[in-house]
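1. Predicted model and sequence follow; I will ask about them next.
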Amino acid sequence: MTAPVTSFSELGLLPELLQAVIDKGYTEPSPIQAQAIPVILQGLDVMGGAQTGTGKTAGFTLPLLQRLARHANTSASPARHPVRALILTPTRELAAQVAESVRDYGKHLGLRPGVVFGGVDIVPQIQMLRAGVEVLVATPGRLLDHVQQKTVMLGQVEILVLDEADRMLDMGFMPDIRRILALLPAKRQSLLFSATFSEEIKRLADNMLKQPVLIEVARPNAMTELVSHEVHPVRREKKRDLLAHLVRSQNLQQVLVFGGTRIGVNRLAYQLQKDGIHASAIHGDKSQVERIQALADFKAGKASVLVATDVAARGLDIQELPVVINFELPGAPEDYVHRIGRTGRAGSTGRAISLVCADEHEKLAAIEKFIKQRIPQTIVPGFEPDASGVSALMHTERERPERRPDRDSSLTRGGRSHSPKAPAKPVDSIFSAPYVPSNAASPVVEPAPAGPQKPRRQVAALLGGLRKSG
Ligand code: AMP
């Protein structure tokens, strides 16, 4: 193994790019950057196993810009600014964020960046494309609209990046991607980034990459000691009240709440608003303007709760959140890890709270198996699950790892032995013991909130911008 690269200057980047990195306040390259930058600079294809939060955007953008730097020019002629690099992303938010990174990292080079995605007026995009851009970030559908309208030509693309390829396939973009690939020159450099390598991704990679260099970095460790996991068993119909109670009584700020469906997410945000909690929703049915606004409000601390679907939340530059709440458990255990990967980063502590009702016990068992950890369960007084919920949750215990949580055992499910086959009993006193949060620094939950509290505005020590100031 070679010694790890500890400074950007060792990576062979141009002074203009090093300056941009300094401007961002980054002091050392992340693992994906240290590995990918030299390989991409050599012109090789890359299959990158990395997800949002690893610094992958700079990992491909910096060398991409360097490889195109020779094309920089100040000519007003659009013909002198053809699309040289195409970066495809699954969501509008990710497209906007990647484009912002391209702009930031490339600000000392003379290349023109541009971004196109659906849900917004196409006319300004047409004008921008007509004027010419060298680095185009796009979602597949809107890019194909432009292709159809002949407002973009892809015949001079030298570098293709497929970002979050697994998510693109999940979202049904494969046919669009095939159509786009067919429009690109065969001789090009291709980079594919994906958090997971399914068979389908491998097939796509075989199709699109030539002798790629495989670069994998550990996903941001969602299971870090810095993240405390908590489960609150509760009846489904009481989940919303419990959520509101937790937000108020613990004065939670900047909570990312995961709901299941778009409708559910909308309804939940609306109901929280009615409860006097500043909440906004983000999901695929919202217009781009609404989504940008919701995210901006959240980042600015105007909304303390952002309710999101998995797809909408993915790719958002909101890492290092103090609290992530699963209002609904995700269908796939991997998604729990993705969700939780938003918290407990960079030395900050984080909490992952799940509100779990009786019919979710199988999902919970699958998650615990996947993360090889048993999650302590605490019942919040006033929000007890019904008897069948208790029984169902206890039932999963047989398959759980033995490790006892390092907590007050009298309050957690692990603190007593329960027969899985025991008939459902009414909730007993063990479950009405006062709630004790797992994070010692957190305030103790008051049994019953008096009413909506005005959220105390805190400076967000999070949200992607944390490390920018250097
Ligand atoms: P990404 O995984 O590309 O979405 O990046 C996640 C976050 O990490 C973004 O807010 C970046 O600005 C930030 N970031 C990227 N590279 C570095 C670095 N080398 N040092 C510190 N922060 C970084």
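-> Nice, thanks for sending it over. Remember, it's a predicted structure, so these values are computed and weren't measured experimentally. Numbering: from 1, shown residues only.

2. quick one: residue 83 and residue 159 touch, right?
-> No: judged on C-beta atoms under 8 Å, residue 83 makes no contact with residue 159 at a distance of 10.1 Å. Yep, even glycine has a C-beta here, placed from its N, CA and C like the rest.

3. Which residue, other than its chain neighbours, is closest to the closest residue to the ligand within the stretch 101-250 of the chain?
-> Closest to the ligand within the stretch 101-250 of the chain is residue 101: 6.8 Å, counting by C-beta to the nearest ligand atom. The shortest distance from residue 101 to any non-neighbouring residue, by C-beta to C-beta, 6 or more residues apart in numbering, is to residue 57 (4.7 Å).

4. In a helix, residue 21, correct?
-> Yes: under DSSP: H, G, I helix; E, B strand; the rest coil, residue 21 falls within a helix.

5. Report the contact partners of it.
-> Counting by C-beta atoms under 8 Å, 6 or more residues apart in numbering, residue 21 touches 8, 13, 58, 62, 105.

6. and these, which of them are in helices?
-> 58, 62, 105 (DSSP state H).

7. pretty sure the residue nearest to residue 101 contacts residue 98?
-> Yes: if you go by C-beta under 8 Å, residue 57 and residue 98 touch, sitting 5.7 Å apart.

8. what sits in contact with each of the two?
-> Counting by C-beta under 8 Å, 6+ apart, the residues touching both residue 57 and residue 98 are residue 163.

9. returning to what we had before: which of the helices or strands spans the residue of the stretch 101-250 of the chain closest to the ligand?
-> Assigned by DSSP states H and E, residue 101 belongs to helix 92-105.

10. mean confidence for that helix?
-> Here helix 92-105 scores 93 as its mean pLDDT.

11. Also stretch 202-216?
-> 92.

12. Now do it: distance to the chain's middle.
-> 23 Å (C-alpha atoms, centre = their mean, to the nearest Å).

13. Same question for that stretch: list its buried residues.
-> Within stretch 202-216, the residues that count as buried by 16 or more other C-beta atoms under 10 Å are 204, 205, 208, 209, 212, 213, 215.

14. Among those residues, which lie within strands?
-> 213, 215 (DSSP state E).

15. Thought residue 136 was touching residue 102, still the case?
-> No: with contact defined as C-beta under 8 Å, residue 102 does not reach residue 136; the gap is 9.3 Å.

16. shared neighbours, these two?
-> 87, 113.

17. Could you measure from the closest residue to residue 302 other than its chain neighbours over to the ligand?
-> Setting aside the residues directly before and after it, residue 302 is nearest to residue 278 in space (C-beta to C-beta, 6+ apart), at 6.5 Å. As judged by C-beta to the nearest ligand atom, to the nearest Å, residue 278 and the ligand stand 24 Å apart.

18. Can you get me a residue count around residue 194?
-> 23 (other C-beta atoms under 10 Å).

19. who touches it in this structure?
-> 47, 48, 49, 162, 164, 165, 166, 201.

20. Grab the nearest non-local neighbour of residue 305.
-> Using C-beta to C-beta, 6+ apart and skipping the chain neighbours, the partner closest in space to residue 305 is residue 279 (4.0 Å).
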